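>>> predicted model, plus sequence, below.
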Amino acid sequence: MGDAFLSIRGRLLLNVEALNMTESVGNYVKHRRVPVIIPEKEGFTTYFVPAISGESIAHGFQKILVEESIKNSVPICKLCRSGVFLKSTRKKVVKEAFDKELEPDKLEEFIIKNCFVEDVGGFLYAEEENIKRSSNFFVGYMIPVKESLGSAIIESQLHSRYALGTPFMKEQGQMIYYVEIASAVYTFSFDFDTTYIGRLTFSYESAGKDVLQENERKRRLETVFNSIKTFIVEQAFGAKKTRFLPIGEWDSIVIAVSDKPWIVTSPFSGKYIENTIKKKEKINYNTNLYIYKDGEGNFEETVINAIEDAKNRVLK
């Protein structure tokens, strides 16, 4: 049974989205903004642009992981099952999540066995004795691609809640509010490493030791790969989708499947596909590239083929 590293980079066109809001000031709801600096002719210029945080992306992925785990009878703690990803931060949280009090020296092993979300996504136990398990998947902010920094836009939209003529709102029967929406071609980044799934990581004396039987580890890896496929194909991240469902389509995506960490180059650059191919010519860990560009090939087929390659490496 081998291991695999999955690296995904892409460009996603999203119009009229409100996927990651930051605060409400009165009746005004703001979209997340981040500063991005790039070199230009006379030095460097900073742009404040719309963004979608890595925390938002991670939450969406873990929600899909919960659904797949339940479907495949993979154990999940009570809190993660409800979409509350507190992740064994304190004694009280652990007791509520697992209905059990645990000694710190047995904590990581017990959690790996009993909550797949924390096996994959890690946790930080912050009591007298700190115990950390790093996440096995990696995400980052989605920001507008380099050549669109000047074109990405945030605009507030006026809405109103109408309740005139009812006995409930004799005053302020019509209330207005504003929601910022954004449109941009965003970068997308997601990596996943199977090396420590079902294995201890915290103590240097036992790091890498198997906690699970091989068949159970294979079942979990198949579950997480199916989750990644669904997550990417269905764009299963972001908030406020009930009334601000974005109009989105993938412009391009590159998925690299390797035997050990190998990262696709940044999609911030318009030449990221060419740069990734050049990198593979120089560095190759049994790396296969699966590439989709708008108008060339089929997006879903690209994702499915990459996931099947990753599965074959760990399930054979």
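Structure received.
>>> what ranges does the stretch 51-200 of the chain have for its strands?
123-126, 130-133, 137-139, 153-162, 174-193 (DSSP state E, counting those that start in this stretch).
>>> what residues of the longest one count as buried?
Of the residues in strand 174-193, 178-193 count as buried by neighbour count, 16 or more other C-beta atoms under 10 Å. To be clear about C-beta, it is placed using only N, CA and C from the backbone, and glycine gets the same treatment.
>>> dump the strands of the stretch 51-200 of the chain into TSV; add distance to Thr45 as well.
Below are the strands of the stretch 51-200 of the chain laid out as TSV (distance: least, C-beta to C-beta, whole Å):
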stretch	distance to Thr45
strand 123-126	37
strand 130-133	38
strand 137-139	27
strand 153-162	17
strand 174-193	17
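>>> got the ones you listed as TSV, with distance to Val74 and mean pLDDT columns?
Output for those, formatted as TSV (distance: least, C-beta to C-beta, whole Å; pLDDT from 0 to 100):
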stretch	distance to Val74	mean pLDDT
strand 123-126	17	95
strand 130-133	17	95
strand 137-139	16	98
strand 153-162	40	93
strand 174-193	16	96
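>>> so which helix or strand takes in Tyr47?
strand 43-50 (DSSP states H and E).
>>> who are the packing partners of that strand?
Counting contacts by 3 or more C-beta pairs under 8 Å, 6 or more residues apart in numbering; DSSP states H and E, strand 43-50 is packed against strand 33-40, strand 174-193.
>>> helices or strands up against the longest one?
Here strand 174-193 touches strand 5-17, strand 28-31, strand 43-50, strand 137-139, strand 153-162, helix 214-233, going by 3+ C-beta pairs under 8 Å, 6+ apart.
>>> list the buried ones in the strand holding Tyr47?
Using 16+ other C-beta under 10 Å as the test for burial, strand 43-50 gives 49-50.
>>> could you give the angle of that strand to strand 33-40?
Going by axes from the mean of the first three to the mean of the last three C-alpha atoms, to 10 degrees, strand 43-50 is angled at 150 degrees with respect to strand 33-40.
>>> export the helices and strands packed on strand 43-50 as CSV, with columns for distance to Ala152.
Below are these laid out as CSV (distance: least, C-beta to C-beta, whole Å):
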stretch, distance to Ala152
strand 33-40, 9
strand 174-193, 4
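>>> and these: which comes nearest Ser134?
Closest to Ser134 of the helices and strands packed on strand 43-50 is strand 174-193 (C-beta to C-beta; 9.9 Å).
>>> just the C-alpha atoms of the closest one, please, in CSV.
Below are the C-alpha coordinates for strand 174-193, written out as CSV (Å, rounded to 0.1, in the frame of the first residue of the first chain):
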residue,chain,number,x,y,z
GLN,A,174,-40.1,48.6,4.9
MET,A,175,-36.4,48.2,5.7
ILE,A,176,-33.5,48.6,3.3
TYR,A,177,-30.1,46.8,3.5
TYR,A,178,-27.0,46.5,1.4
VAL,A,179,-25.0,43.4,0.5
GLU,A,180,-21.7,43.7,-1.3
ILE,A,181,-21.2,41.3,-4.2
ALA,A,182,-18.1,40.7,-6.2
SER,A,183,-17.1,39.4,-9.6
ALA,A,184,-13.6,38.1,-10.5
VAL,A,185,-11.5,35.3,-12.0
TYR,A,186,-10.2,33.7,-8.7
THR,A,187,-7.2,31.5,-8.0
PHE,A,188,-7.9,28.2,-6.3
SER,A,189,-5.5,26.0,-4.3
PHE,A,190,-5.9,22.7,-2.6
ASP,A,191,-3.3,20.0,-1.6
PHE,A,192,-3.7,16.7,0.1
ASP,A,193,-1.1,14.3,1.5
